[in-house]
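> What would the 3D arrangement of this be:
(one chain, ligands or ions: 1)
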Amino acid sequence: MRKIRENLRTYGGLACMCTLTAPGQEAGLIWDRNVCTHPEGVTCSGMIGCKVLPKAAELWNEHSKSWWRELNRVAKQRADRAVRQLGHDYRGGLLAYEWELQKRGVSHLHFVLGMESGVERAWAFEYVKALRELGPRKGFGYVDAKPLRSPQVAEKAAAYISKYLAKWSADGSFEVTETVQVSRNDP
Ligand SMILES: [Zn+2]
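Numbers count the residues shown, from 1 in each chain. Here you go, the predicted model:
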């Protein structure tokens, strides 16, 4: 967490945070109907407490890290190529990223893109475009491109990411969130 904060503070410029979600039921993340608490006929959602079948969630969480490495590599290549065509000798990359365990039982990925210079902004748009095009084929869901239109100071993105990793309890003590506990239990 401190590393992410320091990286983003060092960067100092404008940035934006986007989120790559896990796919839906059509990609095998089937809802565990046994734990649904809503009436029949209501569409399942993590927002109303529905959970993905534990075995399916576990498999996705296990494989998504390597799928992500591959997706990120190809999306970077595409964005590098696109800005090269605009005449920039520039290779982009993420400022930071962090997995967060969603309520429905699968992780999604928050990532931060630099948006300070023109070439960085062009690169960020191309990178997200590539994720949106290739993501579903590589086992992922959706990326909302809207944050690209409202960049903010990088440190704000850091604060946002930190919220997922740790939170202050009402009694003033500090506790780690489910996300951290789960990754700590990894073999
Ligand atoms: Zn449900």
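
> Specify the helix with the largest residue count in this structure.
Of all the elements of type helix in the chain, the one with the most residues (DSSP state H) is helix 54-85.

> what packs against that one?
The elements that helix 54-85 packs onto, with contact taken as 3 or more Cβ pairs under 8 Å, 6 or more residues apart in numbering; DSSP states H and E, are strand 107-114, helix 118-134. Glycine gets a C-beta too; all of them are placed from N, C-alpha and C.

> List the buried residues for it?
Neighbour-count burial for helix 54-85 flags 56-57, 60-61, 64, 68, 71-72, 75-76, 78-80, 82-83 (criterion: 16 or more other Cβ atoms under 10 Å).

> That helix versus strand 107-114: what angle between them?
20 degrees (axes from the mean of the first three to the mean of the last three Cα atoms, to 10 degrees).

> how far is whatever helix or strand comes next after helix 54-85 from where the chain is centred?
Beyond helix 54-85 in the direction of the C-terminus, DSSP states H and E gives the next helix or strand as strand 96-101. Using Cα atoms, centre = their mean, to the nearest Å, we find the averaged C-alpha position of strand 96-101 to lie 6 Å away from the chain's own average C-alpha position.

> orientation of strand 96-101 relative to helix 54-85 in degrees?
Counting by the same axes, to 10 degrees, strand 96-101 points 160 degrees away from the direction of helix 54-85.

> Give the rounded mean pLDDT of the longest helix of the chain.
This predicted structure assigns helix 54-85 an average pLDDT of 96.

> what does stretch 143-154 give?
Averaged across stretch 143-154, pLDDT comes to 92.

> and that stretch, which residues are buried?
Of the residues in stretch 143-154, those scored as buried under the neighbour-count criterion (16+ other Cβ under 10 Å) are 143, 147, 148, 151, 154.

> and what of stretch 124-136?
If you call a residue buried by 16+ other Cβ under 10 Å, then stretch 124-136 has these buried ones: 124, 125, 126, 127, 128, 129, 130, 131, 132, 135.

> can you put the residues you listed in a markdown table and add distance to the ion and pLDDT?
As requested, the buried residues of stretch 124-136 are exported to a markdown table (distance: Cβ to the ion, whole Å; pLDDT from 0 to 100):
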| residue | distance to the ion | pLDDT |
| --- | --- | --- |
| 124 | 35 | 97 |
| 125 | 36 | 97 |
| 126 | 37 | 98 |
| 127 | 34 | 98 |
| 128 | 30 | 98 |
| 129 | 33 | 98 |
| 130 | 33 | 98 |
| 131 | 28 | 98 |
| 132 | 27 | 97 |
| 135 | 24 | 96 |
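
> Tell me who's in contact with the closest residue to residue 127 other than its chain neighbours.
Nearest residue to residue 127 in three dimensions, chain neighbours excluded: residue 79, at 4.1 Å (Cβ to Cβ, 6 or more residues apart in numbering). Taking Cβ atoms under 8 Å, 6 or more residues apart in numbering, we find residue 79 in contact with 92, 123, 124, 126, 127, 130.
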